[in-house]
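S.K.: predicted coordinates and the sequence they were generated for:
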Amino acid sequence: MNVAIPATGYSTGVVSGAALDRLAYLALCAFLFALPWEEAPQLGAFAIARWLGLVTFGMALLSLGVNRRHRKLSTMHYWMISLVGLSMVSLLWTIDWDSTATRIGTYAQLLVVVWLIWELAVVESRILGLMQAYVLGISFASALTIYNFSTGTTAAQLQAARGVEKWEETRYSIMGVNENDLGLMLAMCIPIMIYLVIRTRGSLIRLFLWGQLVTCIVAILLTGSRGSLISAAIALLMLPLTIGYLTGRHKLAAVLACAGVVVCGVFFIPAGIWARLLGLSTELTKGTLTHRTLIWSAGLAAFRDHPFLGVGSGAFPAAVLRIVDISYVAHNTFLSVLVELGVVGALLLIGLVFSMFYAAFRMLYLERCLWVTVLLSWTVGVMALTWEYRKPTWVMFALLSAHVYARRKRHFEIEFS
């Protein structure tokens, strides 16, 4: 898939700065490509992603120094900074100093990623290039999941190979990535694939995207993640909402893609996975959502003891350890922030998410459909996952922030040119 490298708008007198800018952008594309499978130890992706991030950061700083120009941050960025800032300050009252310090380091890295996307994706064509790179990485993760299924390598076996307790469920993922996390990563990418089909030129690229849409949904089914399946259903709303933008040929391709998903679901997805997925209603009404309700009750009990500022960023496991005797994560992003950072942190997170939705609703129809479906998919998915410090969350927020700015800039140029 070709990644566009458009003109950056630099004058001929700063060719070296423009070259640094382009190189940093290419490194950022490579970083986003490695992101979906960076935790797979057998591929060495973590080291690759780490070095790509460092190279991108270094080049961006050099470019900033040479060109002496930078972008003013948007309101959404200040919400992100406020949330991270409160996490840093929580080091003063945390009940688990080591976990809070680790979380602060993670947040600092995430802010760097957000800043890199903001500084390097100035024009819309660059944002499309970053989307293409990320989709390509998602394609690789989907292919690895299907490969593991074809070889009979379950997620439980992958966990056992890493010395993690082996579960009995027959589900599939890639090594180092939890099935639920992988499922949500794939689900959130569905609207981007459909958007790129509409915006990208080239029959081969579009054919690849339709094929990847099928493999992505099949991989989601193989993860056996019920929350991800709901998120994927929401993400697929992008297709009927934008069907008018597709030509007759691509409408036929959409029908064939849907048929391919049905065929794969009927003939290839194991019965055990279908039993798990179809048991969602029973689990919601009579079950514990794989012990999540017990964890949530323990989290709320901890919140009542520290309602205003919380127990400290990253300290949720330590807080519930006193109640359930196991240091679980929250398995709910909003509850996790509420317990760790109190009402203040929860309001900051809600303000951040609200600002994202507000910005998305102000975009043109096609982009509005893209980002609203992505945000809805994320919001539903993180109700059962602790994703406030995960890279896919912050990458999507960063891409949306940059896309909003690029679209407004284009409107201004068209109106006053």
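M.R.: Received it, and whenever you're ready, just let me know what you need.
S.K.: please count neighbours and contacts with C-alpha atoms only from this point.
M.R.: Noted.
S.K.: how about stretch 77-89: buried residues?
M.R.: 77, 79-84, 86-89 (16 or more other C-alpha atoms under 10 Å).
S.K.: which secondary element of the protein has the worst mean pLDDT?
M.R.: Ranked by mean pLDDT, DSSP states H and E, the weakest helix or strand in the chain is helix 280-286, scoring a mean of 65.
S.K.: next helix or strand past it?
M.R.: Heading C-terminal from helix 280-286, the first helix or strand you meet, by DSSP states H and E, is helix 292-305.
S.K.: what mean pLDDT does the next helix or strand after that next one get?
M.R.: The first helix or strand that comes after helix 292-305 along the chain, using DSSP H and E, is helix 316-324. Averaging pLDDT along helix 316-324 yields 88.
S.K.: buried stuff in helix 316-324?
M.R.: For helix 316-324, burial by neighbour count (16+ other C-alpha under 10 Å) applies to 316-321, 323.
S.K.: export those residues as CSV, with columns for distance to residue 50.
M.R.: Listed next are these as CSV, based on distance: C-alpha to C-alpha, whole Å:
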residue, distance to residue 50
316, 27
317, 27
318, 28
319, 31
320, 32
321, 32
323, 37
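S.K.: out of these, flag the one nearest to residue 24.
M.R.: Minimum distance to residue 24 across the buried residues of helix 316-324 is 36.7 Å, recorded for residue 316 (C-alpha to C-alpha).
S.K.: let me see the contact set for that closest one.
M.R.: By C-alpha atoms under 8 Å, 6 or more residues apart in numbering, the residues touching residue 316 are 299, 327-330, 336, 339-340.
S.K.: make a markdown table out of the buried residues of stretch 77-89 and add secondary structure.
M.R.: Output for the buried residues of stretch 77-89, formatted as a markdown table (DSSP: H, G, I helix; E, B strand; the rest coil):
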| residue | secondary structure |
| --- | --- |
| 77 | helix |
| 79 | helix |
| 80 | helix |
| 81 | helix |
| 82 | helix |
| 83 | helix |
| 84 | helix |
| 86 | helix |
| 87 | helix |
| 88 | helix |
| 89 | helix |
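S.K.: ok, so of those, who is nearest residue 249?
M.R.: Nearest to residue 249 out of those is residue 77 (C-alpha to C-alpha; 40.2 Å).
S.K.: returning to what we had before: any idea which of the buried residues of helix 316-324 is closest to residue 274?
M.R.: residue 317 (31.5 Å).
S.K.: dump the residue contacts of that closest one.
M.R.: Contacts for residue 317 (C-alpha under 8 Å, 6+ apart) come out as 326-330.
S.K.: buried subset of those?
M.R.: By 16+ other C-alpha under 10 Å, these give 327-330 as buried.
S.K.: export the residues you listed to CSV and tack on secondary structure?
M.R.: As requested, these are exported to CSV (three-state DSSP):
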residue, secondary structure
327, coil
328, coil
329, coil
330, coil
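S.K.: which of those residues sit farthest apart?
M.R.: For the buried ones among the contacts of residue 317, the farthest-apart pair by C-alpha to C-alpha is 327 and 330; their separation is 9.5 Å.
S.K.: just the CA trace of stretch 292-306, in CSV.
M.R.: Taking C-alpha atoms only, stretch 292-306 is exported to CSV below (Å, rounded to 0.1, in the frame of the first residue of the first chain):
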residue,chain,number,x,y,z
ARG,A,292,-15.8,-8.5,35.8
THR,A,293,-18.8,-7.6,37.9
LEU,A,294,-16.9,-8.8,41.0
ILE,A,295,-13.9,-6.6,40.0
TRP,A,296,-16.2,-3.6,39.4
SER,A,297,-17.8,-4.0,42.8
ALA,A,298,-14.4,-4.1,44.4
GLY,A,299,-13.4,-1.0,42.4
LEU,A,300,-16.5,1.0,43.5
ALA,A,301,-15.7,0.0,47.1
ALA,A,302,-12.2,1.4,46.7
PHE,A,303,-13.6,4.6,45.1
ARG,A,304,-15.8,5.3,48.1
ASP,A,305,-12.7,5.4,50.2
HIS,A,306,-10.9,7.8,47.9
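S.K.: just how off-centre is that stretch within its chain?
M.R.: The chain centre lies 26 Å from the centre of stretch 292-306; the measure is C-alpha atoms, centre = their mean, to the nearest Å.
S.K.: quick one: work out the angle between the longest helix seen in the chain and helix 292-305.
M.R.: Longest helix of the chain, by residue count under DSSP state H: helix 333-361. Relative orientation of helix 333-361 versus helix 292-305 (axes from the mean of the first three to the mean of the last three C-alpha atoms, to 10 degrees): 90 degrees.
S.K.: what sits against residue 103?
M.R.: Residues counted as contacts of residue 103 (C-alpha under 8 Å, 6+ apart) are 313-314, 389.
S.K.: next: residue 237.
M.R.: Here residue 237 is in contact with residue 373 (C-alpha under 8 Å, 6+ apart).
S.K.: then residue 215?
M.R.: Going by C-alpha under 8 Å, 6+ apart, the list of residues near residue 215 reads 139, 142-143, 146.
S.K.: quick check, nearest of those residues to residue 187?
M.R.: residue 142 (11.1 Å).
S.K.: please work out how many residues are found near residue 202.
M.R.: Residue neighbour count, defined by other C-alpha atoms under 10 Å, stands at 11 for residue 202.
S.K.: can you tell me how far it sits from residue 354?
M.R.: 36 Å (C-alpha to C-alpha, to the nearest Å).
S.K.: what comes up buried for the helix or strand hosting residue 116?
M.R.: If you go by DSSP H and E, residue 116 is part of helix 97-120. By 16+ other C-alpha under 10 Å, the buried positions in helix 97-120 come out as 97, 99-101, 103-104, 107, 110-111, 113-120.
S.K.: likewise stretch 354-373?
M.R.: Neighbour-count burial for stretch 354-373 [16+ other C-alpha under 10 Å]: 355-357, 359-360, 363, 367-373.
S.K.: can you check stretch 267-276 too?
M.R.: The neighbour-count check on stretch 267-276 (16+ other C-alpha under 10 Å) flags 269-270, 273, 276 as buried.
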